[in-house]
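J.: Predicted coordinates and the sequence they were generated for:
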Amino acid sequence: GAVVSQHPSRVICKSGTSVKIECRSLDFQATTMFWYRQFPKQSLMLMATSNEGSKATYEQGVEKDKFLINHASLTLSTLTVTSAHPEDSSFYICSAPRGGRGHLLNTGELFFGEGSRLTVL
Amino acid sequence: AQKVTQAQTEISVVEKEDVTLDCVYETRDTTYYLFWYKQPPSGELVFLIRRNSFDEQNEISGRYSWNFQKSTSSFNFTITASQVVDSAVYFCALSTGANSKLTFGKGITLSVRP
C-alpha cells in the first residue's frame, strides 16, 4: 500500500483563491519532504525541500510567497498555492525518503505521493 | 550540475516485443543514485529500481532488466515481452550527495499495442 499520501487528489478552484495540498508519510517519520511540479506531458521539476522545524528551501525561480510550505510535524507537509491563477494549474507531487534524515545513503527508498491535480479556472 | 537525458520521447511497440528505454546521466559526484520510475495514466509515480554508483551489476526483475554502464554514463531499462499494461511514461532520475533531491529526465512515453 501507499506509504506517502496526498490530499486532495484533484482540486478545481477559482482564480484568486488559495489551495492547500497535504502530504503525509503514513508509517514513518519524514523530517524532509520534497515538492515537485509536473506540467502536462513534461518532467517533474523540484519546487522546494520541506524541512520539519525549519523553513523550506526553495529552488531557483520558485516564488516562496506564492507557494507556501509548512512542515508541521514529522508526518505532514503542506503546500499552499496562494492567490492561484490559471498558470498554476499543474500536477503537484510530494515525496519523502524513508529512514534517516533524507540522506540516501541510509535510507531505503524515496516514496512519492499519488499527486494532486490542480485546475484553476 | 547534474543532468539526465532521455533522448527517446515516444516509443510504440506491439505486445510481446522487447523494448529498451535509454538513459544517460551527467554528474561530477562519485557517489550517486540512479532511479527508474513508472508513471501510468493515473499519475502516481511507481518506484521500479534504485542503483548506487558503486554497484555496476546489472539487475533483472521478471520482465524488467537494467544495464548500468559507468563508462558510458548510461542506465538503460529493458522490458522483455512487453504487455499493454506496460504503457506508461517512464522516468529516469539521478540523486547525488547527502540529500534525496532527484533530477528527472524528460520521460519516455511507451505505448504497447495489442
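T.: Yep, that arrived. Residues are numbered from 1 along each chain as shown, chains lettered A, B, ... in the order given.

J.: hey, what's residue 36 bridged with?
T.: You didn't pick a chain, so chain A it is. On the basis of DSSP bridges, residue A:36 is bridged to residue A:46, residue A:93.

J.: right idea, wrong chain: chain B
T.: Judged by DSSP bridges, the bridge partners of residue B:36 are residue B:49, residue B:92.

J.: Same check on residue A:13?
T.: Using DSSP bridges, the bridge partners assigned to residue A:13 are residue A:120.

J.: and chain B, which of its residues are near chain A?
T.: Residues of chain B found near chain A (Cβ under 8 Å from any Cβ of the partner chain) are B:31, B:33, B:35, B:37, B:42-45, B:47, B:50, B:91, B:95, B:98-107, B:109. All C-beta atoms are positioned from the backbone trio N, CA, C, and that covers glycine.

J.: mind listing which of the residues you listed are in strands?
T.: Those of the residues of chain B next to chain A mapping onto strands are B:33, B:35, B:37, B:47, B:50, B:91, B:95, B:103-104, B:109, per DSSP state E.

J.: Now list the buried members of the residues you listed.
T.: B:33, B:35, B:37, B:50, B:91, B:95, B:103-104 (16 or more other Cβ atoms under 10 Å in any protein chain shown).

J.: If we only consider those residues, which is nearest to residue A:5?
T.: Using Cβ to Cβ, residue B:37 comes nearest to residue A:5 of these, at 17.5 Å.

J.: Give me the pLDDT value at the closest one.
T.: With respect to pLDDT, residue B:37 scores 93.

J.: Kindly report the same for residue A:90.
T.: At residue A:90, the predicted lDDT confidence score is 95.

J.: so how many other residues sit close to it?
T.: If you count neighbours by other Cβ atoms under 10 Å in any protein chain shown, residue A:90 ends up with 20.

J.: what's the residue nearest to it when sequence neighbours are not counted in contact with, if anything?
T.: Excluding the flanking residues, the one nearest residue A:90 by Cβ to Cβ, 6 or more residues apart in numbering or on different chains is residue A:37, at 5.1 Å. By Cβ atoms under 8 Å, 6 or more residues apart in numbering or on different chains, residue A:37 lies in contact with A:44-45, A:47, A:90-93.

J.: what separates residue A:37 from chain B, distance-wise?
T.: Per Cβ to the nearest Cβ, to the nearest Å, residue A:37 is found 11 Å from chain B.

J.: swap in residue A:26?
T.: 14 Å.

J.: again with residue A:75
T.: Taken as Cβ to the nearest Cβ, the span from residue A:75 to chain B is 17 Å.

J.: For the residue nearest to that residue when sequence neighbours are not counted, grab the count of nearby residues.
T.: For residue A:75, ignoring the flanking residues on the chain, the nearest one in space by Cβ to Cβ, 6+ apart is residue A:25 at 4.9 Å. Here the number of neighbours of residue A:25 (other Cβ under 10 Å) works out to 24.

J.: beta partners for residue A:25?
T.: residue A:4.

J.: quick one, phi/psi of residue A:43?
T.: phi -80, psi 180 (degrees, to the nearest 10).

J.: Is it correct that residue A:88 is in contact with residue A:119?
T.: No. Using Cβ atoms under 8 Å, residue A:88 makes no contact with residue A:119, being 9.4 Å away.

J.: These two - which one has more neighbours?
T.: residue A:88 (19 against 14).

J.: Enumerate the strands of chain A by residue range, in sequence order.
T.: In chain A, the segments counted as strands under DSSP E are A:4-7, A:10-13, A:19-25, A:32-38, A:44-51, A:57-58, A:67-73, A:76-81, A:90-97, A:110-112, A:116-120.
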